[in-house]
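> what's the 3D shape of this:
(4 chains)
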There are 2 protein chains.
Amino acid sequence: MARKSSAVDPLRLDNQICFAVYSAAHAFNRVYKPLLDRLGLTYPQYLVMLVLWEHDDVPVKEIGEKLFLDSGTLTPLLKRLEAAHLVKRTRSREDERQVLIALTAQGHALKEKARSVPQSILAASDCSVSELVTMKDEIVALRDRLNAVIGE
Amino acid sequence: MARKSSAVDPLRLDNQICFAVYSAAHAFNRVYKPLLDRLGLTYPQYLVMLVLWEHDDVPVKEIGEKLFLDSGTLTPLLKRLEAAHLVKRTRSREDERQVLIALTAQGHALKEKARSVPQSILAASDCSVSELVTMKDEIVALRDRLNAVIGE
DNA sequence: GCACATTCAATTGCGAACAATTAAATGTGA
DNA sequence: TCACATTTAATTGTTCGCAATTGAATGTGC
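Coordinates of the predicted model:
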């Protein structure tokens, strides 16, 4: 039998969608870095701020569900955001197990400085908005199917 | 002026391709985890092994170029692979600055156990091969455009 | 009311990921 | 040859990401 063609070898790096996603995520991170440095945020911190700019005063768990992150990641990250005076962490009075995350005035204000970020990313991706939307929807659909398998 | 529709608000989490990629990468990682646990590898270690299974006895830099990782990430990772008896690290005699990474017999043998991994991932993605190939190519093209911007 | 399980955040430990620096080896130009 | 830049890994310090555990608060079934 002939040796398997490298074009279809499933163990070839080039053939793995997962590596494509993994390396694209790192590439995005490197593009975001200089933009977010100006805001004093890391990319995961920026994601948390995006969540809070949409809906403030929420428990840690809700942030985690939206970003697919757990308390082991979020607790120290939120403490750093608190140290930067962007959020306030307070125990809920209705349910003392929960910690509610609220934006400070500074945290709200940062949203204005963040408005220019998406368009810089769009420019870097060198791609039409409609193409990006299509890709985004496909990737989200794939992600959700993967997460469904994990939940079993 | 009417309030901007949330469907096109560029600061909305749901509208960001970058978050789609970021969260998909984590979802992939979670699917890989139980499969790779059986091999005793983490996902980045698995990527390094994929590179080595394709081409052995290469300097650290070459691995880094293929995976878009630097020595700060690879040096400790490779030391862990060496501690697991999967690779050997030796200074090149032609150029003493380089460290060459070679597979051990165990490292070579592990490739056989890894063959079942891609098909498990394919099953989890619940998607046709041709769809995945198309998506992969699009994501790689996007990644390469992003990396081109970084290189400027 | 009380034992029990569940929920939620925090903690600990380990493995990435990367910036910045260090140090050694190599290459280059005068 | 010798000063100088370049290349390559290694190191250090900070931040993610997650598994596993802890501990407090809450809910439940009897």
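> Whichever residue of chain A sits closest to DNA strand D: which element?
Nearest to DNA strand D, among the residues of chain A, is residue A:72, at 2.7 Å (Cβ to the nearest atom of the strand). Where C-beta positions appear, they are placed from N, C-alpha and C, glycine not excepted. Taking DSSP states H and E as the definition, residue A:72 sits inside helix A:71-83.
> which secondary structure elements does the very next helix or strand once past that helix contact?
Where DSSP H and E defines the elements, the next helix or strand beyond helix A:71-83 is strand A:87-91. When contacts are defined as 3 or more Cβ pairs under 8 Å, 6 or more residues apart in numbering or on different chains; DSSP states H and E, strand A:87-91 packs onto helix A:71-83, strand A:99-103.
> Strand A:87-91: which residues count as buried?
Residues of strand A:87-91 classed as buried by neighbour count (16 or more other Cβ atoms under 10 Å in any protein chain shown): residue A:87.
> quick check: domain ranges of chain A?
Following the assignment in automatic domain parsing, chain A carries domains at A:16-114, A:116-152.
> in chain A, which residue is closest to the centre?
Central residue of chain A (Cα atoms, centre = their mean): residue A:47, 4.6 Å from the mean position.
> Find the nearest non-adjacent residue to residue A:149, please.
Nearest residue to residue A:149, sequence neighbours excluded (Cβ to Cβ, 6 or more residues apart in numbering or on different chains): residue B:124, at 4.4 Å.
> following the helix or strand that contains residue A:49, which helix or strand shows up next?
Using DSSP H and E, residue A:49 sits within helix A:43-54. Counting by DSSP H and E, the element after helix A:43-54 in chain order, helix or strand, is strand A:58-59.
> what does that following strand contact?
With Cβ atoms under 8 Å, 6 or more residues apart in numbering or on different chains as the test, strand A:58-59 has contacts from A:51-52, A:92, A:98-101.
> Then stretch A:114-129?
A:28, A:31-32, A:35-36, A:39, A:46, A:49, A:53, A:132, B:10-11, B:16-18, B:142, B:145-146, B:148-149.
> Separate out the buried members of those residues.
A:28, A:31-32, A:35-36, A:39, A:46, A:49, A:53, A:132, B:10-11, B:16-18, B:142, B:146, B:149.
> Report whether the host helix or strand of residue A:23 contacts DNA strand D.
Assigned by DSSP H and E, residue A:23 falls within helix A:17-37. No - judged by Cβ under 7 Å from any atom of the strand, helix A:17-37 and DNA strand D are separated, with a smallest distance of 8.2 Å.
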